[in-house]
Structures are given as C-alpha cells and as structure tokens.
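Peer 1: For reference, the sequence and a predicted model appear below.
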Amino acid sequence: MHTPSSDTAHAPRRLPLYRHLYFQVVVAIVLGTLLGYFSPSLGEAMKPLGDAFIKLVKMTIGPVIFLTIVTGICGMTQLRTVGRVFAKAMAYFLFFSTLALVVGLLVAHVAQPGAGLHVNVADLDQSAVRTYVTQSHDLTLVGFMMDIIPITLLSPLVGDNILQVLFVAVLFGITLALTGEAGRPIANFLEALLAPVFRLVRLLMQAAPIGAFGAIAFTIGKYGLTVLSNLALLVGSFYLTSLLFVLVILGGVAHLCGFSILKLIRYLKAELLLVLGTSSSEPALPSLMAKMQAAGCEKSVVGLVVPTGYSFNLDGTNIYMTLAALFIAQATDTHLTLGHQLALLAVAMLSSKGAAGVTGAGFITLAATLAVVPEIPIEGMALILGVDRFMSECRSLTNFIGNAVATVVVARWENALDRDQLRKTLDALDDAPVA
C-alpha cells in the first residue's frame with residue numbers, strides 16, 4: 001500500500017551545505033586568496049597543488065572524449081547524422097566566434113582603454129613576451145593539418161591535443177559503425193567502459209577544492225591584487241564585455257531556445273567555480289559532458305559539440321584578443337585602418353582554434369595573431385602580461401558557458417533534446433549527478 005511515509009522514506013536526503021562541491025571550492029578560493037595576499041611567498045609555493053589537480057583531471061579528458069564520441073556515433077541510426085550535427089555545430093561556432101571578435105573590437109573603440117598612454121615600444125621589456133611568441137601557432141592550412149593529424153592512432157590518448165582526440169574518435173566511431181554486427185562487441189565494451197571512467201572523474205573531482213586553493217594562492221601570491229590598478233580600464237572593460245555577452249547575447253539565444261541562462265549557470269555552478277579557481281576550463285570538461293547529458297541532451301550530440309567547442313567556440317578568448325590587440329595599438333599610438341582591423345578579425349578567427357581552455361593559451365594565441373598582423377607591435381604585449389592571468393579566469397568562464405549554451409542549442413536544433421528533462425533539471429535546486 002502506498003503511504004506518505006513510504007514517500008518520505010524513499011525521498012533523497014538533502015546534503016548539508018558543506019558537503020556540496022561548489023561550497024568547498026568557494027571556501028578554498030577564499031582561503032587561497034587570503035594566503036596569497038598575506039603570505040605571498042607561501043602562496044607561490046602552493047602552485048604544485050593547482051598544477052597537480054589539473055594534470056590529474058587532464059589525464060581523463062582523452063578517454064572521456066574518445067569513449068563519448070565513439071559510442072555516440074555508434075548509437076546514431078545513420079552516419080550522415082554525424083556530419084549534420086558537426087556542420088550545425090561549426091556553423092554556430094563560426095557565427096558566435098565572429099560575433100565575439102566584433103564585440104571586442106567595438107568595445108575597444110568605445111572604451112578606448114589604451115588611449116593616452118603614449119608608450120614607446122623601445123622602452124618595453126620584450127624578453128618576457130618572446131617566450132610566448134615562440135609558442136604561438138602555425139596559422140597556415142598546412143600547420144593546421146599537422147596539428148590535427150596525430151603521429152599514430154593511439155598517440156592522442158596519451159597526449160593533450162583535444163583536436164587530435166576528436167579527429168581519431170570520429171574516424172574510429174564511423175569505422176566501427178560501418179563494421180556493423182562484427183563491431184558490436186567492441187561498441188558494447190566501450191559503452192560499458194564509460195561508467196567506470198566517469199566514476200573516476202567523479203572521484204578525482206573531490207580534489208577540486210585543493211586544486212583551486214593552490215592555483216588561486218599562487219596567482220595572488222605572485223601577481224598580487226594591486227597589479228589590477230595599473231590596467232584597471234582594460235581589465236574592467238573585458239570583464240564587463242564578457243558579462244554582457246553572456247547575459248545579453250547568450251542569454252537571448254537561451255531564451256529563444258526555451259531555457260534561462262541564469263538557471264544554466266546555477267546548474268553548472270560547481271564547474272564554474274572550479275574554472276574560476278584553476279583559471280582553466282579544461283578540468284571541468286568531463287563534468288560538463290556528463291551534466292549536459294543529464295540535462296536532456298543526447299550523448300551523441302554532447303560528444304561531438306563539447307570537445308569541438310573547446311577548440312572552436314572560444315567566445316571569451318575572442319573578445320579578449322580583439323580588445324587586447326586594439327589596447328596595444330592605442331597605447332603605442334598605432335593607427336589601424338579598416339583594412340587592418342578586418343585582417344585582425346580574420347587572423348584572430350583562425351589563430352584562436354587551438355586555445356582549448358589551457359591557462360595562458362589566450363595570451364599565446366594573441367601573440368600568434370599579432371605576429372601575422374605586423375601593424376600592431378607585438379612587443380606591446382609586455383603591457384598586459386602582468387594582468388593577463390586575471391583576465392584568464394574571465395576568458396575561461398565565458399568559454400565554458402558558451403559551450404554549455406551551444407550544446408543545448410545544437411541538441412534542440414537536431415531534435416536531440418529532451419525539453420522536459422532540461423526544464424526539470426534546471427528548475428531543480430540541487431546539482432544534477434556528475435555521472
């Protein structure tokens with residue numbers, strides 16, 4: 001017999017606040033900030049904690065992407081669905097990445113963060129910038145192909161190039177689907193392997209507060225809080241622009257698709273705090289894929305959109321690149337014609353393709369962009385080197401939210417979204433399970 005007491009007995013118990021991961025990360029960020037501020041040398045010494053956690057999670061990213069994409073493709077009824085989903089995702093990425101670049105350009109013209117500085121390029125310390133220039137991307141088509149094609153079939157799984165993992169996973173998934181019944185045992189094995197891999201991710205995420213503590217303590221200890229005052233207008237313009245981009249532009253897209261951007265942000269609050277603490281969106285990638293599936297997006301769409309978006313849908317990085325490039329031009333009294341600015345947009349669109357959430361990648365791709373647009377002195381990057389770390393958090397947060405929105409949009413576009421599940425998940429007060 002069904003009784004109210006039986007409902008109570010089977011109702012899930014609500015965890016106390018201190019047991020929630022997002023609360024633990026918040027506490028860790030506060031403690032790390034205090035340590036870095038009051039004891040800078042000790043704060044800098046905490047760097048290995050942040051680095052170790054990022055490496056710990058990164059070791060699972062290759063297997064998670066590979067397994068999710070391969071099993072997702074095998075689960076599609078027709079292989080042409082793979083191409084259709086990929087094409088829709090790329091169309092979305094191209095439009096909003098371009099829009100983000102244009103927004104950064106317009107804000108730079110309106111705010112004029114570098115105007116009046118009259119910096120002499122010869123007086124800048126160029127030694128620090130030279131390191132980033134040597135790490136910049138080869139922007140030719142040949143360079144892109146060399147970057148995405150791995151040495152062997154298995155090498156992407158032991159490396160850290162998301163594009164190569166994506167490339168191999170799509171090829172293997174299509175091949176496995178074409179094999180038919182003969183490949184079914186392998187597909188079933190990979191499907192079963194997903195459960196322990198995601199359980200491993202969930203286990204590793206329990207160390208997130210330690211990683212966030214170490215990363216933020218190092219940042220504050222090394223760079224301090226006062227460094228922000230030197231370039232407050234640039235940093236403030238970037239943060240405000242990113243906030244408006246998320247709430248207005250992405251919020252508008254979310255509204256058209258029938259969900260609230262604020263509820264999505266609340267749903268992903270633990271991952272966003274992790275991104276904030278580590279200054280990288282990469283550690284939160286496996287958890288994002290799991291949560292988007294739990295919110296009603298089909299696994300096949302999540303497996304294609306999220307990893308691809310980490311390389312091609314970088315709204316925060318794109319805003320940063322055009323805003324920072326024009327800041328340098330303004331600060332060094334460099335006049336840019338409309339043609340120069342259009343060239344900057346084109347090069348920035350290409351150079352941003354590999355900045356997949358790695359700390360400092362935005363600065364490296366900015367170096368790559370300026371190396372191809374000689375009108376803007378690349379030595380001017382020394383002006384923003386001191387505050388780049390503080391803008392890295394905002395870049396990563398914006399990129400992360402942008403990819404979450406893109407996943408829902410493409411899933412809805414592909415009729416691969418359970419709208420009732422999405423509504424129930426986003427309306428729920430508690431976090432959805434990670435796996």
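Peer 2: Okay, I see it.

Peer 1: CA only for contacts and neighbour counts going forward, please
Peer 2: Noted.

Peer 1: Touching the helix or strand containing Gly251 from outside, list them.
Peer 2: Following DSSP states H and E, the helix or strand that holds Gly251 is helix 251-256. For helix 251-256, the external contacting residues (CA atoms under 8 Å, 6 or more residues apart in numbering) are Ser260, Ile261, Leu262, Val405, Val409.

Peer 1: model confidence over stretch 99-119, on average?
Peer 2: Averaged across stretch 99-119, pLDDT comes to 85.

Peer 1: Now the element after the lowest-mean-pLDDT helix or strand in the chain, going C-ward?
Peer 2: The element with the least model confidence among the helices and strands of the chain, by mean pLDDT, DSSP states H and E, is helix 4-10, at a mean of 44. Where DSSP H and E defines the elements, the next helix or strand beyond helix 4-10 is helix 21-38.

Peer 1: Please report phi then psi for Cys297.
Peer 2: The phi/psi pair for Cys297 (degrees, to the nearest 10) reads phi -90, psi 130.

Peer 1: Pull the contacting residues for it.
Peer 2: Applying CA under 8 Å, 6+ apart, one finds that Cys297 lies in contact with Thr407, Val408, Ala411, Ala416, Leu417, Asp418, Leu422.

Peer 1: at 10 Å what do you get?
Peer 2: If a contact means CA atoms under 10 Å, 6 or more residues apart in numbering, then Cys297 has 289-291, 303, 407-412, 415-419, 421-422 as its contacts.

Peer 1: same check, this time on Ala91
Peer 2: Listed by CA under 10 Å, 6+ apart, the contact set of Ala91 reads Val85, Ser97, Val410.

Peer 1: Next: Leu273.
Peer 2: With contact set as CA under 10 Å, 6+ apart, Leu273 has these partners: 21-26, 29, 208-209, 212, 279, 284, 397.

Peer 1: can you check Ala284 too?
Peer 2: Counting by CA under 10 Å, 6+ apart, Ala284 makes contact with 54, 57-58, 61, 201, 205, 208, 268, 270-275, 278, 357, 400.

Peer 1: Tell me which entries of those residues lie within helices.
Peer 2: Those of the contacts of Ala284 mapping onto helices are 54, 57-58, 61, 201, 208, 270-275, 278, 400, per DSSP state H.

Peer 1: Reformat the residues you listed as TSV; add pLDDT and distance to Ile162.
Peer 2: Formatted as TSV, the entries for the ones in helices among the contacts of Ala284 read as follows, by pLDDT from 0 to 100; distance: CA to CA, whole Å:
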residue	pLDDT	distance to Ile162
Ile54	75	15
Val57	76	14
Lys58	76	10
Ile61	75	8
Val201	78	17
Ala208	80	22
Ala270	87	23
Glu271	88	19
Leu272	90	20
Leu273	86	22
Leu274	84	20
Val275	85	18
Thr278	77	19
Phe400	93	15
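
Peer 1: Tell me which two in those are the farthest apart.
Peer 2: The span of the ones in helices among the contacts of Ala284, defined through CA to CA, is set by Ile61 and Leu273 at 18.8 Å.

Peer 1: Is there a neighbour count for the closest residue to Cys257 other than its chain neighbours? I'd like the number.
Peer 2: On the basis of CA to CA, 6 or more residues apart in numbering, the spatially nearest residue to Cys257 that is not a chain neighbour turns out to be Val409, at 6.7 Å. Residues near Val409, counting by other CA atoms under 10 Å, number 23.

Peer 1: Gly252 too?
Peer 2: Under the neighbour criterion other CA under 10 Å, Gly252 is assigned a count of 16.

Peer 1: Looking at it now. What's its pLDDT?
Peer 2: With respect to pLDDT, Gly252 scores 95.

Peer 1: What of the one 4 residues further on?
Peer 2: The per-residue pLDDT reported for Leu256 equals 93.

Peer 1: do Leu42 as well
Peer 2: With respect to pLDDT, Leu42 has a value of 91.

Peer 1: what about it, helix or strand, and which?
Peer 2: For Leu42, the host element (DSSP H and E) is helix 40-44.

Peer 1: Please apply the same query to Phe93.
Peer 2: For Phe93, the enclosing helix or strand under DSSP H and E is helix 80-111.

Peer 1: in that helix, what counts as buried?
Peer 2: Neighbour-count burial for helix 80-111, with 16 or more other CA atoms under 10 Å as criterion, is recorded at 82, 85-86, 88-90, 92-93, 96-109.

Peer 1: Likewise for stretch 337-348?
Peer 2: Residues of stretch 337-348 classed as buried by neighbour count (16+ other CA under 10 Å): Gln341, Leu344, Leu345, Val347, Ala348.

Peer 1: In helices, which of the residues you listed fall?
Peer 2: Gln341, Leu344, Leu345, Val347, Ala348.

Peer 1: need these in a markdown table with pLDDT, can you?
Peer 2: Written out in a markdown table, the entries for these read as follows (pLDDT from 0 to 100):
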| residue | pLDDT |
| --- | --- |
| Gln341 | 86 |
| Leu344 | 84 |
| Leu345 | 85 |
| Val347 | 78 |
| Ala348 | 79 |
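
Peer 1: From those, pick the one nearest Leu193.
Peer 2: Distance to Leu193, by CA to CA, is smallest for Ala348 among these, at 38.7 Å.

Peer 1: so that closest one sits right up against Leu323, yeah?
Peer 2: No. The pair Ala348 / Leu323 is not scored as a contact, 11.3 Å apart, by CA atoms under 10 Å.

Peer 1: Name the residues contacting each of those two.
Peer 2: Taking CA under 10 Å, 6+ apart as the contact definition, Ala348 and Leu323 share the neighbouring residues Leu101, Thr317.

Peer 1: and the gap between the residue nearest to Cys257 and Lys299?
Peer 2: Computed with CA to CA, to the nearest Å, the distance linking Val409 and Lys299 is 14 Å.

Peer 1: Next, the residues that contact stretch 415-423 from outside, please.
Peer 2: The contact list for stretch 415-423 (CA under 10 Å, 6+ apart) reads 257-260, 263-264, 292-302, 407-412, 425-428.

Peer 1: Need the distance between the two termini of it.
Peer 2: Between the opening and closing residues of stretch 415-423 we find a distance of 16 Å, counting by CA to CA.

Peer 1: In the stretch 101-250 of the chain, where is pLDDT below threshold?
Peer 2: Counting by pLDDT under 70, the stretch 101-250 of the chain contains low-confidence residues at 117, 119, 121-147, 160-161, 223-231.
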